[in-house]
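based on what follows, work out the 3D shape:
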Amino acid sequence: MPLEHLVEYFNDRFRREHGSSYRPFVLKDGIVSGLFGPVRINSVFSPIRQTLNPTVITGHTAQIEVSNYGTQQFYENEIEYLLASDERQPTGIESIINFDRLSRTVHMLNFLTLLPSYGNLFLEVDPLHILGIKQDHGVYFGEVIAQCGLKTNNIVIVLSVHNRYVRYYKQLFSGLENYQRQGYQIGLKFDYLVEDKAVLDLIAKLSPNYVSVPAKNIDQANENDLEHLDELKRVVASVNGKSILKQVDQKKSDTLARNVNFDLVEGCYYRAIAFDYLGRQLSTHRNSVTTSQL
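Residues are numbered from 1 along each chain as shown. All right, here's what the predicted structure looks like:
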């Protein structure tokens, strides 16, 4: 189905679900945005690459970028403040769940412009969304995925593991298991170097497909950090998962990823390679299509 038809389909679906004439999805210049009151939601994609061959892209992470009336730019950690400070937000779409669903649909539609062959889509899910849905996690979004012509196993549902949710790990992981039963892949994202044995045990129990940690919080000269990394990678490998080093923005982080044998990497250090690689691949694809039609 053409992208413009998909946008119309989801606008009509939203209208039926909420009994409103509000049409939150906008297509302009081949890019889909979502409207949440005065907030415009856009997608920013970052490639996930093979560590030893970073020109090979295995998937993309989708980050939320929002603008207030199309002027000032905000990122994920500022969204909560932006929404809380707005008093004109339509009451029918105030919830975290609806915001999460809206943003994921925007990402899904924009991901289609990266196809045909750029791997999995990594989508973060707000922990409050998982806690707010009592059963059948992923069913609603599964319908979105199917309408876009993809399958749930193309999608990696990523949970950011925060210490403030430690009391709710059991419920959060139960929700992720529901996603697994729907065919989704699962990822865990840590903003710190994992040292807690209880967290490692939870990883072993959940058996995620991917576990990521940030490069900026790892001291390569610290033997304790390297030991914790080795233990984390051992647990991830034991459940046939893959490790990702994120926020690789300089050469030393790339060297760390190679020395510690991370499976995958993500970061702006590879940006120049990405544009060059995508250009060659698309050119090669067009040439092969032209040749096959002769």
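
next, the spatially most central residue of the chain: phi, psi?
Centroid-nearest residue in the chain, with CA atoms, centre = their mean: Leu123, separated by 2.5 Å. Backbone dihedrals for Leu123, given as degrees, to the nearest 10, come out at phi -120, psi 120.

what ranges in the stretch 51-200 of the chain fall below the confidence cut-off?
69-96, 115-118, 134-136 (pLDDT under 70).

picking up where we left off before, now do the residue nearest to the centre of the chain against Asn110, distance only.
12 Å (CB to CB, to the nearest Å). Backbone N, C-alpha and C define where each C-beta goes, glycine included.

hang on, the earlier thing: relative to Val213, how far out is the residue nearest to the centre of the chain?
With CB to CB as the criterion, Leu123 and Val213 are 19 Å apart.

ditto for Leu256
11 Å.

list residues touching both of these two?
Counting by CB atoms under 8 Å, 6 or more residues apart in numbering, the common neighbours of Leu256 and Val213 are Leu245.

more neighbours: the two, which one.
The residue with more neighbours, out of Leu256 and Val213, is Val213; 24 against 20, by other CB atoms under 10 Å.

so what pairs up with the closest residue in space to that one that isn't next to it in sequence in the strands?
With sequence-adjacent residues excluded and distances taken as CB to CB, 6 or more residues apart in numbering, Val213 is closest to Phe190, at 5.0 Å. The partner list for Phe190 in beta bridges (DSSP bridges) reads Val161.

adjust the sequence numbering to begin at 405 for everything that follows.
With 405 as the first residue, the last one maps to Phe594.

list the residues that contact Phe594.
For Phe594, the contacting residues are Ser564, Val565, Val615, Ser616, Val617, Pro618, by CB under 8 Å, 6+ apart.

which one among the residues you listed gets closest to Val640?
Comparing these against Val640 with CB to CB places Val615 closest, at 4.8 Å.

assign that closest one to helix, strand or coil.
At Val615, secondary structure determined by DSSP: H, G, I helix; E, B strand; the rest coil is strand.

quick one: pLDDT of it?
For Val615, the pLDDT comes out at 97.

how near is it to Lys656?
For Val615 relative to Lys656 (CB to CB), the value is 22 Å.

so what's Asn665 up against?
Residues in contact with Asn665, defined by CB under 8 Å, 6+ apart, are Thr455, Lys637.

how close does it sit to Thr465?
Asn665 is 21 Å from Thr465, by CB to CB.

Tyr674 is in contact with Pro451, isn't it?
Yes: Tyr674 is in contact with Pro451 according to CB atoms under 8 Å; the separation is 7.2 Å.
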